[in-house]
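In: Have a look at this fold, sequence not included:
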């Protein structure tokens, strides 16, 4: 993806996200093991990430912000870092992540970027593989493992209509939710 100007796409996505009433804040105050966080109204993104990583995390966390504002069950599901969840819970988390990334794809398209669909899908799959391994083992690894592959979930991303919502800030005590691998 060397020819993609991720900074330019990021700027357009930031405008779409702001139009939803969500505030993006770039920060260096996240825990060193995290790339980003959210609280229902604000998205916090690690300021030292590349434009490509910022773009994915803004999109991804916007998807979760939408979920958190329209469904309290999804907010509760996504607000935890699980340790060795059951296979049933892994499947629920995979659907939660898939839906957030479908919202992400919609936002990417609203920003006028229709040529990054395969990039978005690849980032989503890698994120879910790393996260699945972490959930099942507690280990943060930047490689695909047999543990992660045991929970196949290669669903195509589709545009998902963004429901009307008002971003509402929730009380949160953590300083990171998106794990850095």
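Out: That came through fine. Just so it is clear, the model here is predicted, and its values are computed rather than measured.

In: all contacts plus neighbour counts: C-alpha atoms, from now on.
Out: OK.

In: Name the spans of this structure whose pLDDT lies under the cut-off.
Out: Along the chain, the model assigns pLDDT under 70 to residues 1-2, 32-33, 172-181.

In: quick one: the helices in it?
Out: 6-19, 51-70, 72-78, 87-110, 117-137, 146-149 (DSSP state H).

In: just these: most buried one?
Out: helix 51-70 (a mean of 23; mean count of other C-alpha atoms under 10 Å).

In: ok, residues contacting that one?
Out: Residues outside helix 51-70 that contact it (C-alpha atoms under 8 Å, 6 or more residues apart in numbering) are 6-7, 9-10, 13-14, 17, 22, 24, 35-41, 43, 45-46, 74-75, 78, 99-105, 107-108, 120, 123, 162-163, 165-168.

In: give me that answer again for 7 Å
Out: Helix 51-70 has contacts (C-alpha atoms under 7 Å, 6 or more residues apart in numbering) with 6-7, 10, 36, 38, 40, 43, 45, 74-75, 100-101, 103-104, 165, 167-168.

In: go on, stretch 18-25?
Out: 41, 42, 43, 44, 45, 167.

In: Kindly recompute the last result at 10 Å.
Out: 13-17, 36-38, 40-47, 58, 61-62, 65-66, 162, 164-169 (C-alpha atoms under 10 Å, 6 or more residues apart in numbering).

In: Look at residue 22 and say how many residues are nearby.
Out: Residue 22 has 23 neighbours, counted by other C-alpha atoms under 10 Å.

In: ok, it to residue 166 distance?
Out: 9 Å (C-alpha to C-alpha, to the nearest Å).

In: Point to the residue nearest the middle of this structure.
Out: By C-alpha atoms, centre = their mean, the chain has its centre lying nearest to residue 60, at 2.7 Å.

In: for stretch 95-112, the distance to its chain's centre please.
Out: 9 Å (C-alpha atoms, centre = their mean, to the nearest Å).
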